[in-house]
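> okay, here's the prediction I keep looking at, along with the sequence it came from:
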Amino acid sequence: MPQVTLTVNGKTASVEVEGRTLLVEVLREKLGLTGTHVGCDTSQCGACVVHVDGLAIKSCTTLALQVDGSKVTTIEGLAAADGTLHPMQEAFREYHALQCGFCTPGMVMSAIDLVEAHPQGLTEQEIREGLEGNLCRCTGYHNIVKAIAAAWPVMHGKALPAAAE
Amino acid sequence: MNAPFEGIGASVRRKEDLRFISGAGHYTDDINRPGQLHAIIKRSDRPHANILSIDTTAAKAAPGVVAVFTGADTAALGSIPCGWQIHNKDGSAMAEPRHPMLAEGKVRHVGDPIAVVIAETRQQAKDAAELLAIELEDLPAVATVTAATAPGAPLVHDGAAGNLCYDWHIGDKAAADAAFASAARVVKLELENNRLIPNAMEPRAALGDFDPSTGDYTLYTTSQNPHVIRLLMGAFVLGLPEHKLRVVAPDVGGGFGSKIYHYAEEAIVTWSAGKLKKPVKWTADRSESFMSDAHGRDHVSTAELALDAKGMFLGLKVHTLANMGAYLSTFATAVPTYLYATLLAGVYTTPVIYTEVKAVFTNTVPVDAYRGAGRPEATFLLERLVDAAAHDTGLDRVEIRKQNFIPRDAFPYQTPVALQYDSGDYFATLAGALKTADWAGFEARRTAAKAKGKLRGIGISTYLEACGIAPSKVVGSLGARAGLYEVANVRVHPTGSVTVFTGTHSHGQGHETTMAQLVTDQLGVPFANVDVVHGDTAKIPFGMGTYGSRSLAVGGSAMVKAMDKIIAKGKKIAAHLLEADVHDIEFKDGKFTVAGTDRAKTFGEIALTAYVPHNYPIEELEPGLDETAFYDPKNFTFPGGCHIAEVEIDPETGVTSVVNFTAVDDVGRVVNPMIVEGQVQGGVAQGIGQALLENAVYDESGQLLSGSFMDYTMPRADNLPNFHVSTENTLCTHNPLGSKGCGEVGAIGSPPAVINAVVDALREYGVRHMNMPASPEKVWSIINAGRPAMAAE
């Protein structure tokens, strides 16, 4: 069976895969990184979003062989070594942007990519459109949008946002 | 610095969030057991067919395959039970056909399980399932209640004549007829409540495990109520006694009702694990979820409202056909009866109500409770009917509601359909919503929108729901086959920290936070020193789980009762230590004090004394500080409120946008306002989804056309507005917290508000009613109905 080598959350891993093995299967089943979820089979829900070489992708529709040699970041790799949360994780907690938590890892990974791709600023409408590829059934998105807006200045080194109401 | 306030009323940030935002959540599919096998369910792709033969030879010979089971292997096992028996008008019991875990001789809906293939890996099981040779003989099928009740319709079950599960009624028909005979006007509507697919983001999963050394079974499952699953599966399907069966529902990724029920796959993996002496795991693909998770709603109704000359409601008559699907799911039969028809008084003084409900079998996925369950159907019907009455009489939409409201001083209020409301103030929630939504300023916004070429409308819904289900005696008399109390075990540890074991289950609701706040509030124990445990029958004494917005009203009340016992015992210990009479001991802010003195013992000191009873009234009092309470509710709770939607329609595309949404709800005492707002926002999103986007569609032959997220329109971030959500509360009078419940209000109140707004926006086109969803195609067709057909290109 072919071998794939990935750097996942800073650690190098080599795993045997089949041609049809998906990246999400490598993460969840071979590397035990179960924070990345599978919520659909049509690449619609975004629960499986991870970063590959710095860009958000859907790991449920990416073959492991396609990303051989890549750097992968999952939800487990966001916090600093001392446990300090990424500003997006912190904002999701502060703004109650999650309920059941199942869509949250993919939502956070997409949100980080969205904020990083918009250094000049993000309107509410841009955030809503930027979340087109992520489904949440619990929150109605209201607080997710707020959390992302609040994380933007922190991630771009601007002033800390005011605390949530 | 003072410690932050973390008791009842504080928007404490959630305890559970750290694991969820770190990827450390522990969902069923994240669990793997040593030696685990993988199950793939082969499902019917036909709506209705005889199974002529199943050849498993090739599948069994495929690499990695351990076993293939079909209905022939499980035929001796029990039927998946229905938890609520409804009686027909004539007193006879409903039709209750066998619901096998694997199809026996016939398949009755697309998605019906035919066989299970179990292999060493999931891919091997999938590959082998492709090798099953199944010969089916198609039978004519019925997908809708209308088709199923037509004369000569094909039968879904031979034993259910006319495809009827039951023909039930409630209310006084003669009195209703008399009210209609005396009416100045009768307003009539034909309504459909569209079929929905719940689509919790986590697909269902189940992992069965068997320990040959003890004979103990464990089922890990995506459930809202593990004790109920243990009872239904253990006692009725597999014949396993409770003490040999543990059911664990770990982190569950959303439920909305769809994870209440006992599903075939749970029994399949548990039974297979015992048979093969190895763990067996099944996880649904989303495609399987679409065709195997219980769907929601799907009513076809006729409603008539009798009014006097001034627009006062004199009587209501309703006739409803409710789709049950192909088999009876756990609570299916209760939804269109006791969770629907009993709600048809709403917030109004309508003196007479008569409702007939026929529950109908069809060749579709079973239908059961989905967020709101029966109450959204009742609310949509009633609030659309009231708007139609305003339309027909020319009365103002707000005024006709107000003049028919149950007055503030009329509580407790006995409705003509069995329920007795304990408290409410519909004028207050109405006034709050009208103000927040700037109802008075709407016409200016309509004019402004018109200038931009847009059609703007505003809609209102003043609604009520019954939840916190419910008194066991009452539901028992109505056909429930279980009690509906709740259980809490409050365990104070020797150093004064606390673990709460609750029979409710959290799958997004934030119980680990809210319930810890109750302990902080009542016992004065710091929030950080309280843990809440749920979802494991091996840890929790018992419980009925979470649905019907019952966790705080019923489960929280059980906690209060258990904490009352802790305090009572603590007082006895304190009286001994302080050499005072127990009646002189007061408990406040975490301290037991001799009244009128400064002599006191802290809660921690009392806890330590209870576990190290060296100086202790050991003759009269057992050591330890650990109390359990079962709380049986005295009544339902009755949240209600007012929702106002403002929509804008683009006449070029027919797309309806919700530009403003206001919800002012009465949910009783609020423990965590942040969590309540989140619950309402999420419920409203599902309600807007039902009103504008979502629709489960079967074609005439019974094929599910909306079988994926590419066909079934889930609300996305750019389909929804920001919500203006607030509460205006009256307290529940019969439970110790005064809480009513907040999980379903959003999904119940919002759909008619949105449709009323769409109808208002389209009033110049003569629209009086529209069924859901108000899709762009439907709206565009109305706007363009008068336009000449375009020439063919």
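Looks like it came in fine. Bear in mind that the values here come from a model prediction, so they are computed numbers and not experimental data.

> if I look at residue B:435, how far off is chain A?
In this view, residue B:435 and chain A are 19 Å apart by CB to the nearest CB, to the nearest Å. Every C-beta, even on glycine, is put in place using the N, C-alpha and C of the backbone.

> what residues are up against residue B:137?
The neighbours of residue B:137, taking CB atoms under 8 Å, 6 or more residues apart in numbering or on different chains as the test, are B:49, B:50, B:52.

> compare the residues you listed and tell me which is most surrounded.
Neighbour counts for those peak at residue B:49, which has 22 neighbours (criterion: other CB atoms under 10 Å in any protein chain shown).

> phi and psi next, for that one.
Main-chain dihedrals, residue B:49, degrees, to the nearest 10: phi -160, psi 150.

> skipping adjacent residues, who's closest to it in space?
Distances taken as CB to CB, 6 or more residues apart in numbering or on different chains place residue B:136 nearest to residue B:49, at 4.0 Å, with adjacent residues excluded.

> the strand or helix carrying that neighbour pairs with which strands, and in what direction?
Residue B:136 is part of strand B:133-138, with elements assigned from DSSP states H and E. Strand B:133-138 has the following strand partners under DSSP bridges: strand B:49-55 (antiparallel).

> need the mean per-residue confidence for the strand it pairs with.
Computed over strand B:49-55, the mean pLDDT rounds to 98.

> so how far is stretch B:529-549 off the chain centroid?
17 Å (CA atoms, centre = their mean, to the nearest Å).

> and that stretch, what's buried?
Counting neighbours by 16 or more other CB atoms under 10 Å in any protein chain shown, one finds that the buried residues in stretch B:529-549 are B:529-537, B:540, B:542-549.

> export it to CSV, keeping only CA atoms.
Extracted in CSV, the C-alpha atoms of stretch B:529-549 (Å, rounded to 0.1, in the frame of the first residue of the first chain):
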residue,chain,number,x,y,z
ASN,B,529,-16.2,23.1,42.0
VAL,B,530,-19.3,21.6,40.5
ASP,B,531,-19.4,19.0,37.7
VAL,B,532,-22.5,17.8,36.0
VAL,B,533,-22.6,14.2,34.6
HIS,B,534,-25.2,13.0,32.2
GLY,B,535,-25.6,10.3,29.5
ASP,B,536,-24.6,7.1,31.2
THR,B,537,-27.0,4.6,32.7
ALA,B,538,-24.1,3.1,34.8
LYS,B,539,-23.5,6.4,36.6
ILE,B,540,-27.0,8.0,36.8
PRO,B,541,-29.7,6.4,38.9
PHE,B,542,-32.4,6.8,36.2
GLY,B,543,-33.8,9.5,33.9
MET,B,544,-36.1,10.2,31.0
GLY,B,545,-33.7,12.4,29.1
THR,B,546,-34.0,15.6,27.2
TYR,B,547,-36.8,16.6,24.9
GLY,B,548,-39.9,18.9,25.0
SER,B,549,-37.9,21.7,26.8
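
> hmm, it in reach of chain A?
No - applying CB under 8 Å from any CB of the partner chain, one finds stretch B:529-549 out of contact with chain A, separated by at least 11.9 Å.

> before we move on, the earlier item: narrow the buried residues of stretch B:529-549 to those in strands?
Among the buried residues of stretch B:529-549, the residues falling in strands (DSSP state E) are B:530, B:531, B:532, B:533.

> the last one and residue B:679: what is the separation?
Spelled out, it's residue B:533. From residue B:533 across to residue B:679, the span is 22 Å (CB to CB, to the nearest Å).

> got it, and residue B:554?
Note on residue B:554: its distance to residue B:679, by CB to CB, is 16 Å.

> next: residue B:109.
32 Å.

> do the same with residue B:209
34 Å.

> the two - which one has more neighbours?
A side-by-side neighbour count of residue B:209 and residue B:679, using other CB under 10 Å, places residue B:679 first with 28 against 24.

> once you drop chain neighbours, what's closest to that one?
Of all residues not flanking residue B:679 in the chain, residue B:742 sits nearest, at 4.7 Å (CB to CB, 6+ apart).

> the one you found: what secondary structure?
coil (DSSP: H, G, I helix; E, B strand; the rest coil).

> quick one, phi psi at it?
Given degrees, to the nearest 10, the pair of backbone angles that residue B:742 has is phi -130, psi 0.

> so who does it touch?
B:549, B:639, B:665, B:667, B:670, B:676, B:679, B:680.

> out of those, list just those in strands.
residue B:665.

> redo the contacts of residue B:742 as CSV? Include pLDDT.
Formatted as CSV, the contacts of residue B:742 follow (pLDDT from 0 to 100):
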residue, pLDDT
B:549, 89
B:639, 98
B:665, 98
B:667, 98
B:670, 98
B:676, 98
B:679, 98
B:680, 98
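
> pull out the buried residues from the contacts of residue B:742.
B:549, B:639, B:665, B:667, B:670, B:676, B:679, B:680.

> on that earlier part again, inside helices: which ones of the contacts of residue B:742?
B:676, B:679, B:680 (DSSP state H).

> between those, which is nearest residue B:787?
Lowest distance from residue B:787 to those (CB to CB) belongs to residue B:680, with 40.2 Å.

> helix, strand or coil for the residue in the stretch 1-150 of chain B that chain A sits nearest to?
Using CB to the nearest CB, the single residue of the stretch 1-150 of chain B nearest to chain A is residue B:23, 2.0 Å away. With three-state DSSP as the basis, residue B:23 sits in coil.

> that one and residue A:37 touch, don't they?
No - the pair residue B:23 / residue A:37 is not scored as a contact, 9.0 Å apart, by CB atoms under 8 Å.

> so between the two, which is more surrounded?
With neighbours defined as other CB under 10 Å, residue B:23 and residue A:37 compare such that residue A:37 has more, 30 against 25.
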